[in-house]
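In: everything below, folded, please.
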Amino acid sequence: MAWCASAKSLHMPAIDVSALRFCAPLAFGAEVCCVSLVGANLRRSARSPAFSSLGISTEVSSGIKEVVQTDKAPTALGSYCQAIKANNTFFMSGVLRLVPETGKFVSDSVDNQTGQVLKNMGEILEASGASYASVVKTTIMLADLKDFKKVNEIYGKYFPAPAPARLTYQVAALPLDARIEIECLATLQ
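Out: Numbers count the residues shown, from 1 in each chain. Take a look at the predicted model:
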């Protein structure tokens, strides 16, 4: 899949560079793509556009995307995987409160669910060669935002300073009536 667009349609400022030709991998969610900027003269003038070409391709070479799977955390409930490693970035799917050894849920208490979710996350991080310290962004989905304070207290025990960037919001429902689900992004060495 590939797209092309002009700088004007992307609302990008002109770049004052005499020549530019490179390909840089970028990641969007669990998708990895390559951006190419090509131009003989990218200076803004009456006769030359801001960019000669901007191409974005989601076709990547094999080996750039690797599945992370561990039996020490619950398996995915659908057509997705526990996590993906792409280049030096780690993308973890949302993690629920399942106990991997039994396949059963930990209690209905948000405290216990949060602890189990974070334990499961730790196992997936470890399977990828990452740790809580390498997490740069988390997204917490709560069935009830009133649980934020309890979740925050438990969450803070797992992530060393500086804590990762975080987004927390209330959702209408979570899979299997969970009260919390967390996903994350991390850097890999």
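In: hang on, Ala172 in a helix?
Out: No: using DSSP: H, G, I helix; E, B strand; the rest coil, the secondary structure at Ala172 is coil, not a helix.
In: any idea how far Thr102 is from it?
Out: Ala172 is 28 Å from Thr102, where distance means C-beta to C-beta, to the nearest Å. Where C-beta positions appear, they are placed from N, C-alpha and C, glycine not excepted.
In: out of those two, which sits in the busier spot?
Out: Counted by other C-beta atoms under 10 Å, Ala172 and Thr102 do not tie: Thr102 has more neighbours, with 9 against 5.
In: name the residues that touch the longest helix seen in the chain?
Out: Counting residues, the longest helix found in the chain (DSSP state H) is helix 110-128. Contact with helix 110-128 is made by 68-70, 72-74, 82-83, 85, 90, 92, 95-100, 106-107, 131-132, 134-135, 144, 147, 150-151, 154-155, 158, 178-182, 184, 186, 188, as judged by C-beta atoms under 8 Å, 6 or more residues apart in numbering.
In: in the chain, what helix or strand scores lowest on average pLDDT?
Out: The helix or strand of the chain with the lowest confidence, counting by mean pLDDT, DSSP states H and E, is strand 2-4 at a mean of 39.
In: residues touching Ala76, list them.
Out: By C-beta under 8 Å, 6+ apart, the neighbours of Ala76 are 82, 93.
In: doesn't it belong to a helix?
Out: No: according to three-state DSSP, Ala76 belongs to no helix; its state is coil.
In: mind listing what's buried in the longest helix of the chain?
Out: If you call a residue buried by 16 or more other C-beta atoms under 10 Å, then helix 110-128 has these buried ones: 110-111, 113-125, 127-128.
In: so Phe90 bridges to which residues?
Out: On the basis of DSSP bridges, Phe90 is bridged to Lys85, Ala186.
In: tell me the pLDDT of it.
Out: pLDDT recorded at Phe90 is 96.
In: hmm, Glu183 and it touching each other?
Out: No: at 11.1 Å, Phe90 does not count as touching Glu183 under the criterion of C-beta atoms under 8 Å.
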